[in-house]
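1. here is my input; please provide its structure:
(chains A, B, C and D)
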Number of protein chains: 2
Amino acid sequence: MTSSIRDVALAAGVSVGTVSNVLNRPEAVSEQTRRRVQEAIAALGFVRNESARQLRAGSSRTIGLVVLDIANPFFTDVARGVEDAVNAEGLAVILCNSDDRPEKEAAYLDVLAEQRVQGVIITPTAQLSPALESLRQRGVPVVLLDRRASDPDHCSVAVDDVHGGRLAAEHLLERGHRRIAFVGGSSGLPQIQERHDGVEQAVRETSGSDDALAVLAPAALTVAGGREAGELIVGMPASRRPTAAVCANDLIALGLLQEMVRHGVRVPDDFAIVGYDDIDYAAAAAVPLSSVRKPRQELGRRAAELLIDEARGQDHLHEQLVFEPQLVVRESSMVRRSARERTA
Amino acid sequence: MTSSIRDVALAAGVSVGTVSNVLNRPEAVSEQTRRRVQEAIAALGFVRNESARQLRAGSSRTIGLVVLDIANPFFTDVARGVEDAVNAEGLAVILCNSDDRPEKEAAYLDVLAEQRVQGVIITPTAQLSPALESLRQRGVPVVLLDRRASDPDHCSVAVDDVHGGRLAAEHLLERGHRRIAFVGGSSGLPQIQERHDGVEQAVRETSGSDDALAVLAPAALTVAGGREAGELIVGMPASRRPTAAVCANDLIALGLLQEMVRHGVRVPDDFAIVGYDDIDYAAAAAVPLSSVRKPRQELGRRAAELLIDEARGQDHLHEQLVFEPQLVVRESSMVRRSARERTA
DNA sequence: ACGTTGGTGTGAAACGTTTCAGTCAGGTCT
DNA sequence: AGACCTGACTGAAACGTTTCACACCAACGT
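-> Here you go, the predicted structure:
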């Protein structure tokens, strides 16, 4: 059915070595035979068998990308960045979705190990898994994504999330908000923890204590989680209810926004919201969301570049890249003209 | 560095055949040697080489999924459905993003052919590519996704988009709208064309002509495209301006909604919007979007099942599955209480 | 005592590439 | 004319599995 290099050689009247040369180092073959071989290839509909190449080469021409939630546009943007950088090197990406579940992550890491991928880019689940560690011990390059490496013999690409949380909180404090919620609670993810810490620091510096900070921990970092938190906030007695929220990501912020609107709470007049990640849907929301922007594609691109450099081997130096996030202010946290007029 | 089955055999004092048996048919090996081999595997950190397996087996344990736009949540939901069904069979998915560009699609199809995937699930770009055809001729199962197969020797999984367009338009016509826009124009995609046709039929039946239908064709089927269309609509003279729009997908609808709000056009009071696909962000928009729901995960799941059945070979019958879409009415196309009160 | 059977284990072939040491013809230099 | 190079091509080994025909042995029935 499928023809091999041997069939091509036979058809063109040359040896298999020559066919291989036509494929891989065409300059080493004379014009004439090269053409004969190429005609045979076309006639037979020959397609290289990648498995055989890989077996011979010892490693595949792919890298693995393991993300927490493929349904989160943040990760599809990152994936796009990875894809671009990796394709440019003639490699392909195997995209895996761990769903933040350690056992699913471990299963995918096994698959990637069996595939002999050149390396793995991963946003690990809350606890660093043994599967990941054994991958590294086997010499497979691993780059941590959106998470700082704790030890210096990983590469990692991350964002200064403490600073990001701080930016969001300071912005709200400057606007006069004195009771602030952090929505995203105590998922074990360090990224989230850092965002929380940044918010907490800012609140403490301004108000002297952190009574002014309410921490909500929805079940998941998704739109549904945001709605859940909205319900809770609306249910609070007015005296204790926060007037603004920093959300651990934009999905939560969108859910929260939706729930507020549903309950007739005006955003930003009655309640201000700042999201995190600055996914495209943040700006596209009917009340455009303020958000802490991360360089999503670049995160992916740089991670891929570090991985490729490490995979190449020679004198690779591990780097821990940290990007500075940037606050993008939109309507969801602005004092509206109408509101100002009303108070004036 | 990485150890092979031979190393394991040596360490355990058995033949390579026995190690292979432990891996693939453990019941054919005695309790005692099985344990010895497993200990050796653990001690050496042995991991199967998938390339070698594939080479021997003749095909890999993966399938390819090629989508038009990985950034569109519709496709991530479909991908999730595919992933679930495919994982259940012990296969993996290689996810490829064609960006609606034929050359990128062709490049990925080549990669998939070289990988000897068991089959390909694809939402083809506007024109059916020769690369796809040659893949089929080579005997690789292909399932068309979100697009009806034109000839009966493909499998396909689609939605009755004429009906979907009709549902959306009839809903708006019943609400009294008499000038309707279809946003999504004449991209060459048959899916979009069918949605348009459904809308057109409904409009014609109600108003006797299709003067009442304005067709807008933004540059891309994305949020940005929707904003572009919004700009255009707002710029129309009031006498000709539509009072409602059916959008070719939800991304466009979201962009359109955003632009309307930005220009102070109230949705749904002044302008009603119906999207298509019913992605999660449709319901999460601050003015929740009416949309034509497609069974996104199920689409993916069924496509995967058909593909797997075909790949298994024996007496496979090609099927063209067509799902019925369902209109989900939300605020963006409802007459609001306040509006009714005002007119009363 | 002898064939038969079933449960275990062996060893080599085969999958389709790439790579590398050779071969060979034809040309150039001395 | 001989030595030497260069360019084009060849042929076989090697990569790590799986599979299959075969060997071995103990137990069994006759």
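2. surely residue A:44 touches residue A:2?
-> No: applying CB atoms under 8 Å, one finds residue A:44 not in contact with residue A:2, separated by 9.2 Å. All C-beta atoms are positioned from the backbone trio N, CA, C, and that covers glycine.
3. where does residue A:343 land on pLDDT?
-> The per-residue pLDDT reported for residue A:343 equals 45.
4. next one: residue A:92
-> On pLDDT, residue A:92 comes in at 88.
5. pull the number of nearby residues for the closest residue in space to it that isn't next to it in sequence.
-> With sequence-adjacent residues excluded and distances taken as CB to CB, 6 or more residues apart in numbering or on different chains, residue A:92 is closest to residue A:62, at 4.8 Å. Neighbours of residue A:62 under the rule other CB atoms under 10 Å in any protein chain shown: 22.
6. same thing with residue A:247?
-> Look at residue A:247: counted by other CB under 10 Å, it has 32 neighbours.
7. ok, it - contacts?
-> A:183-184, A:226, A:253, A:256, A:273-276 (CB atoms under 8 Å, 6 or more residues apart in numbering or on different chains).
8. any weak-confidence spans in chain A?
-> A:1, A:186-187, A:336-344 (pLDDT under 70).
9. try it again with 80
-> Scanning chain A for pLDDT under 80 picks out the ranges A:1, A:126-128, A:185-187, A:208-210, A:284-286, A:313-314, A:335-344.
10. what sits against whatever residue of it ends up closest to DNA strand C?
-> Among all residues of chain A, residue A:5 sits closest to DNA strand C, at 2.8 Å; criterion: CB to the nearest atom of the strand. Listed by CB under 8 Å, 6+ apart, the contact set of residue A:5 reads A:16, A:19-20, A:23, A:46.
11. what about the nearest residue to residue A:117 once chain neighbours are set aside, which helix or strand?
-> Spatial nearest neighbour of residue A:117, excluding adjacent residues (CB to CB, 6+ apart): residue A:64 at 4.7 Å. Counting by DSSP states H and E, the element that carries residue A:64 is strand A:62-67.
12. please apply the same query to residue A:299.
-> helix A:296-312.
13. now that helix: buried residues?
-> Within helix A:296-312, the residues that count as buried by 16 or more other CB atoms under 10 Å in any protein chain shown are A:296-311.
14. identify, from the residues you listed, the entry nearest to DNA strand D.
-> Nearest to DNA strand D, judged by CB to the nearest atom of the strand, of the buried residues of helix A:296-312 is residue A:311 at 17.8 Å.
15. quickly note the distance from the closest one to residue B:226.
-> Residue A:311 sits at a distance of 41 Å from residue B:226 (criterion: CB to CB, to the nearest Å).
16. helices of chain A, start to end?
-> According to DSSP state H, chain A carries its helices in the segments A:5-12, A:16-24, A:31-44, A:50-57, A:73-87, A:102-114, A:130-137, A:161-174, A:190-207, A:223-234, A:250-262, A:280-284, A:296-312, A:337-343.
17. show residues contacting the strand holding residue A:64.
-> Outside strand A:62-67, the residues that touch it by CB under 8 Å, 6+ apart are A:75, A:78-79, A:82, A:86, A:91-98, A:105, A:108-109, A:112, A:115, A:117-124, A:145, A:304, A:307-308, A:311.
18. buried subset of those?
-> Buried, going by 16+ other CB under 10 Å: A:75, A:78-79, A:82, A:86, A:91-98, A:105, A:108-109, A:112, A:115, A:117-124, A:145, A:304, A:307-308, A:311, out of those.
19. which residue comes closest to the most centrally placed residue in chain A once chain neighbours are left out?
-> Compute the mean C-alpha point of chain A, and by CA atoms, centre = their mean the closest residue is residue A:75, 3.9 Å away. Leaving aside its sequence neighbours, residue A:75 sits nearest to residue A:67 (CB to CB, 6+ apart; 4.2 Å).
20. what's across from that neighbour in the sheet?
-> Note on residue A:67: beta-bridge partners residue A:97, judged by DSSP bridges.
21. that one: how many residues sit nearby?
-> 25.
22. roughly how far apart are it and residue B:175?
-> Residue A:67 is 41 Å from residue B:175, by CB to CB.
23. pretty sure residue A:277 is touching residue A:74, no?
-> Yes: the criterion here is CB under 8 Å, and residue A:277 meets it with residue A:74 at 4.5 Å.
24. interface residues of the stretch 151-300 of chain A facing DNA strand D?
-> Neighbours of DNA strand D within the stretch 151-300 of chain A, by CB under 7 Å from any atom of the strand: none found.
25. any residues of the stretch 151-300 of chain A in contact with chain B? List them.
-> Contacts of the stretch 151-300 of chain A with chain B, taken as CB under 8 Å from any CB of the partner chain, map to A:223, A:254-255, A:257-258, A:261, A:267, A:280-281, A:283-288.
26. what do you get if the cut-off is 7 Å, keeping everything else the same?
-> Within reach of chain B by CB under 7 Å from any CB of the partner chain, the stretch 151-300 of chain A has these residues: A:223, A:254-255, A:257-258, A:261, A:280-281, A:284-287.
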